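*Asks:* Below: sequence and its predicted model.
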Amino acid sequence: MNYVYICMFLMFLTTYLIRVIPIGFVRKKMENLWIQDFIYYIPFSVLSAMTFPDVLYSTTATGAEPHISISAVVATVVALILAWCKRGLVLVAIVAVLVAIAVEMLLPYLF
C-alpha cells in the first residue's frame with residue numbers, strides 16, 4: 001500500500017514541478033513564437049500519447065489477450081479523416097464507435 005502512496009507523491013511532484021518551475025524562473029513575457037507554440041501544444045501531445053495506444057486496443061474483449069484489432073484501426077482511420085475534415089468532436093466520436101461496432105459485426109462474415 002505504501003508503494004501506491006509513493007507513486008502518487010512522485011506523480012504529484014513531477015506534475016507540480018513542471019508547472020511551477022517556468023512560473024518561478026521566467027519573469028518576463030516569452031516573445032519567442034516557437035517556444036509559445038511548443039508550450040501551447042504540450043498538453044495536446046501528452047494527451048494523445050497517453051490515449052492513442054488504448055484506442056487501438058479498445059475493442060479487445062475483457063479477459064482476452066490484448067491485441068490491435070481491425071475494427072479499432074478502421075474506426076481510428078475514419079475518426080482521423082472526419083477530424084481532418086473539421087467535423088465536430090461528438091460527431092467524430094459517435095461515427096467512430098458506430099464504425100467499430102459495424103466492423104466487429106461484419107468480421108465473422110468476411111473471414
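*Replies:* On my side now, so go ahead.
*Asks:* For the chain, just list every one of the helices.
*Replies:* Under the criterion DSSP state H, the chain carries helices at the ranges 2-25, 33-56, 70-84, 89-110.
*Asks:* list the buried ones in the third one?
*Replies:* Of the residues in helix 70-84, those buried by neighbour count under the rule 16 or more other Cβ atoms under 10 Å are 71-72, 74-76, 78-79, 82. For the C-beta atoms, the positions are set from N, CA and C on the backbone; glycine is no exception.
*Asks:* now the residues you listed as CSV including distance to Gly63?
*Replies:* What follows is the buried residues of helix 70-84, written out as CSV (distance: Cβ to Cβ, whole Å):
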residue, distance to Gly63
Ser71, 18
Ala72, 17
Val74, 23
Ala75, 22
Thr76, 23
Val78, 27
Ala79, 26
Leu82, 31
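*Asks:* ok, those residues vs Ile39, which is closest?
*Replies:* Ala79 (26.7 Å; Cβ to Cβ).
*Asks:* Name the nearest residue to the closest one, ignoring sequence neighbours.
*Replies:* In this structure, Ala79 finds its nearest non-sequential neighbour in Ala96, 3.9 Å apart by Cβ to Cβ, 6 or more residues apart in numbering.
*Asks:* Verify the contact between the one you found and Leu80 for me.
*Replies:* No: using Cβ atoms under 8 Å as the test, Ala96 is too far from Leu80 to be in contact (9.2 Å).
*Asks:* how close does Cys7 sit to Leu13?
*Replies:* Per Cβ to Cβ, to the nearest Å, Cys7 is found 11 Å from Leu13.
*Asks:* same deal with Val26?
*Replies:* 20 Å.
*Asks:* Then Asp54?
*Replies:* On the measure of Cβ to Cβ, Asp54 and Leu13 end up 25 Å apart.
*Asks:* Then Leu107?
*Replies:* From Leu107 to Leu13 the distance is 46 Å (Cβ to Cβ).
*Asks:* More neighbours: these two, which one.
*Replies:* Leu107 (13 against 10; other Cβ atoms under 10 Å).
*Asks:* What is the neighbour count of Val55?
*Replies:* There are 17 residues near Val55, going by other Cβ under 10 Å.
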